[in-house]
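1. Structural data only, the sequence is not supplied:
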Ligand SMILES: [Zn+2]
Ligand SMILES: [Zn+2]
């Protein structure tokens with residue numbers, strides 16, 4: 001299914017590039033905590049970290065992630081495909097199990113992010129409201145986009161404007177009301193698996209690795225879409241903002257790091273638009289379509305993609321850019 005054309009993009013970005021120093025500082029801030037976890041894994045291997053924990057961690061990370069990448073984001077926020085109530089409920093519940101807030105709150109904030117993208121009103125832009133040029137300003141912008149915005153209500157959406165359809169949906173209201181139940185399950189299931197295999201001790205271990213640490217890791221991977229993917233990476237398509245394609249984030253969040261592609265074609269079910277752009281979430285949607293569980297799957301046409309592609313060569317200033 002072809003996607004509808006966007007209106008002409010507004011010209012003007014906030015900052016051409018982030019300084020080298022701020023890139024280094026940000027990189028350190030991003031790499032150090034995961035390195036800490038990896039070293040803890042090595043130190044505790046065989047003592048308080050076992051194969052069961054690895055399997056529970058990887059499996060729960062992957063399955064719950066699809067709740068936000070395919071569910072909260074591509075299905076609920078952007079309606080990039082259609083599906084029945086069963087798939088809808090499963091995606092909504094899995095999304096809640098990543099502990100990133102109830103569905104309605106997540107989706108309304110995200111829709112607002114697209115509406116204002118890197119301008120005044122965007123709830124989590126590293127640029128809007130952080131206009132300074134120095135590395136400190138860039139770092140503050142990064143922290144705001146990554147986690148800071150959740151501790152202020154600046155630009156947060158109440159849902160009346162961007163979430164009307166969700167408030168009118170009884171299934172979604174019911175799932176959101178039971179949010180704490182899904183949070184309980186996301187911790188309780190790893191504990192139950194560990195407990196079943198090796199009693200209380202293994203249960204607690206699985207709870208820590210497959211529950212708490214998995215939630216932490218996936219949260220920061222998702223937050224990186226808001227922070228890193230609006231600062232570092234390539235801009236292959238013309239969008240109205242600072243969105244970037246970042247392969248590392250795409251790897252960690254199953255295709256969501258092709259964020260410049262996504263801002264250029266928000267309603268596309270596929271984010272990794274080139275054949276080599278890894279997008280596991282898209283493969284799952286494709287699979288759901290093949291077995292009849294997803295339909296009306298939206299994709300940009302080759303012509304739409306061609307029109308928005310950033311030209312590889314410099315255009316003479318006199319030549320108008322075609323929209
Ligand atoms: Zn974005
Ligand atoms: Zn989006």
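-> Nice, I can see it. The structure displayed is predicted, hence computed values, not measured ones. Ligands and ions are numbered 1, 2, ... in the order given.
2. tell me how far stretch 162-173 is from the chain's mean position?
-> Between the centre of stretch 162-173 and the centre of its chain there are 21 Å (Cα atoms, centre = their mean, to the nearest Å).
3. and that stretch, which residues are buried?
-> Going by neighbour count (16 or more other Cβ atoms under 10 Å), the buried part of stretch 162-173 is 162, 163, 166, 169, 172. C-beta: built from backbone N, CA, C; applies to glycine.
4. again, but for stretch 124-142
-> Neighbour counts over stretch 124-142 (16+ other Cβ under 10 Å) mark 124-130, 135, 137-142 as buried.
5. pLDDT on that stretch, on average?
-> Average pLDDT, stretch 124-142: 77.
6. for it, how far is the first residue from the last?
-> Terminal residues of stretch 124-142 are spaced 9 Å apart (Cα to Cα, to the nearest Å).
7. Among the buried residues of stretch 124-142, which pair sits farthest apart?
-> 124 and 135 (20.1 Å; Cβ to Cβ).
8. mind listing what residue 196 touches?
-> Contacts for residue 196 were tallied using Cβ atoms under 8 Å, 6 or more residues apart in numbering; they are residue 203.
9. Where does it fall, secondary structure wise?
-> Assigned by DSSP states H and E, residue 196 belongs to helix 179-206.
10. just checking, next helix/strand downstream of that helix?
-> helix 214-226.
11. Would you map the strands across the stretch 1-150 of the chain?
-> Taking DSSP state E, counting those that start in this stretch as the criterion, the stretch 1-150 of the chain carries its strands at 82-83.
12. Can you pull up the most central residue in the chain?
-> The centroid of the chain falls nearest to residue 222 when counting by Cα atoms, centre = their mean (4.4 Å).
13. one step back: which parts of the helix holding residue 196 are buried?
-> Of all the residues in helix 179-206, those buried under the rule 16+ other Cβ under 10 Å are 179, 182, 186-187, 189-191, 193-195, 202-206.
14. In stretch 226-244, which residues are buried?
-> Neighbour-count burial for stretch 226-244 flags 226-233, 235-244 (criterion: 16+ other Cβ under 10 Å).
15. what separates residue 213 from residue 25, distance-wise?
-> Separation of residue 213 from residue 25 (Cβ to Cβ, to the nearest Å) stands at 25 Å.
16. Kindly report the same for residue 77.
-> In terms of Cβ to Cβ, residue 77 sits 31 Å off from residue 25.
17. Tell me how many other residues crowd residue 143.
-> Residue 143 has 16 neighbouring residues, counting by other Cβ atoms under 10 Å.
18. hang on, I meant residue 55
-> 14.
19. Next up, the contacts around residue 194.
-> Neighbouring residues of residue 194 by Cβ under 8 Å, 6+ apart: 52, 53, 56, 202, 203, 204, 205, 206, 207, 210.
20. about what we covered before: put together a markdown table for the buried residues of stretch 162-173, with distance to residue 250 and pLDDT on each row.
-> Formatted as a markdown table, those follow (distance: Cβ to Cβ, whole Å; pLDDT from 0 to 100):
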| residue | distance to residue 250 | pLDDT |
| --- | --- | --- |
| 162 | 26 | 87 |
| 163 | 27 | 87 |
| 166 | 27 | 92 |
| 169 | 30 | 94 |
| 172 | 28 | 96 |
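21. Pick the one among those closest to residue 272.
-> For the buried residues of stretch 162-173, the minimum distance to residue 272 (Cβ to Cβ) is 26.2 Å, reached by residue 162.
22. and the closest one, what is it in contact with?
-> Shown in contact with residue 162 (Cβ under 8 Å, 6+ apart): 107, 108, 111, 112, 115.
23. need the contact list for the first one.
-> Read that as residue 107. Counting by Cβ under 8 Å, 6+ apart, residue 107 touches 72, 76, 77, 162, 163, 166.
24. Specify which member of the residues you listed is nearest to residue 256.
-> residue 72 (10.7 Å).
25. what number of residues lie near the closest residue to the closest one other than its chain neighbours?
-> Using Cβ to Cβ, 6 or more residues apart in numbering and skipping residues adjacent in sequence, the residue nearest residue 72 is residue 95, 4.2 Å away. When neighbours are defined as other Cβ under 10 Å, residue 95 has 29 of them.
26. pLDDT at residue 95, what is it?
-> Note on residue 95: pLDDT of 97.
27. between the buried residues of stretch 162-173, which is nearest residue 120?
-> When the buried residues of stretch 162-173 are compared for distance to residue 120 (Cβ to Cβ), residue 162 wins out at 16.1 Å.
28. Can I take it that that closest one is in a helix?
-> No: under DSSP: H, G, I helix; E, B strand; the rest coil, residue 162 sits outside any helix and is assigned coil.
29. pLDDT (mean, whole number) over the helix holding residue 196?
-> The average pLDDT within helix 179-206 is 96.
30. quick one: which of residue 77 and residue 25 has more around it?
-> Shown here are residue 77 and residue 25; by other Cβ under 10 Å, residue 77 has more neighbours (24 against 17).
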